[in-house]
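Visitor: Sequence and predicted structure are below.
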Amino acid sequence: MHYTDPPLPLDPLRARLVRGETVLLDGAMGTELDRRGVKTPLPLWSAQALIDAPEVVRAIHEDYLRAGADVITTNTFRTTARTMRRAGRKEEEAVRLTRLAVDLARQARSAVVRGREVWIAGVLAPLEDCYQPELAPEFDVAAVEHEAQAGRLVAAGVDLLLVETMNSITEAVVATRAAVSTGLPVFVSFIARSEKEIWSGEGLDDAVRAVDDFHPDAILVNCLP
């Protein structure tokens, strides 16, 4: 992990990071849905569970909290307007499902957490397939869509934004810029092909430098063996 100096005054999460304390994030949502028998077909993938089995989504959040997670991530990897169109659903469903995903995380926190701080991270994911960075939309289009999704997450009540599974520098920069513009704490996470490359083949060190210009609160990697 790589931490950057946040602006003052420090909120509790940023203060913990600056002090070098461990902040434990939750684990995978899609993997757990599959393990518990909930179907996750494309294009909605894990967002299908918000329609078919929201109680399982909440239960997964609760289990991660009982395991000690300090941050739980919303099931919003595929609740964008782009995905709704691809699934033949109305774009307005992006607002409803994003809000539902955040509500389920908030409900889990209220039900389980006592006497400690837990933050809900709104997930901003690649707009297209995370394993096919070449499918990403052009910069200006991506900027509009990431800004819209960041706005939906903020309106739904998340505590921070997690720009995750970023597979190219260009989309990571676009999504990070949108997240930082909200004023909430921001984590950025890359999916790596090797110890030195993100999935696009670009250098991990170059990727870190590119998003570090926006002063996110933490830079991470995810989906690694």
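Guide: Arrived safely, thanks for sending.

Visitor: and the residue nearest to the spatial centre of the chain, helix, strand or coil?
Guide: Note on the chain: the residue nearest the mean C-alpha position is residue 123, at 2.1 Å, using CA atoms, centre = their mean. Put simply, residue 123 is strand when judged by DSSP: H, G, I helix; E, B strand; the rest coil.

Visitor: isn't it right up against residue 74?
Guide: Yes. With contact defined as CB atoms under 8 Å, residue 123 and residue 74 form a contacting pair (5.3 Å). Every C-beta, even on glycine, is put in place using the N, C-alpha and C of the backbone.

Visitor: any residues in contact with both of these two?
Guide: residue 153 (CB atoms under 8 Å, 6 or more residues apart in numbering).

Visitor: re the thing from before, enumerate every residue touching the residue nearest to the centre of the chain.
Guide: 73-77, 153, 162, 164.

Visitor: what's the answer for residue 166, then?
Guide: 126, 172, 175, 188-191, 198, 207.

Visitor: ok, now residue 189?
Guide: By CB under 8 Å, 6+ apart, the contact set of residue 189 is 162-166, 219-222.

Visitor: Swap in 10 Å and give it another go.
Guide: Shown in contact with residue 189 (CB atoms under 10 Å, 6 or more residues apart in numbering): 1, 25, 123, 125, 162-166, 172, 211, 216, 218-223.

Visitor: The helix ranked longest in the chain: which residues count as buried?
Guide: Longest helix in the chain, counting residues (DSSP state H): helix 93-112. Buried residues in helix 93-112, counted by 16 or more other CB atoms under 10 Å: 93-106, 108-109, 112.

Visitor: and if you look at stretch 125-136?
Guide: Buried, per 16+ other CB under 10 Å, within stretch 125-136: 125-128, 130, 133, 136.

Visitor: Between the two ends of that stretch, how far is it?
Guide: By CA to CA, to the nearest Å, the extent of stretch 125-136 from end to end equals 11 Å.
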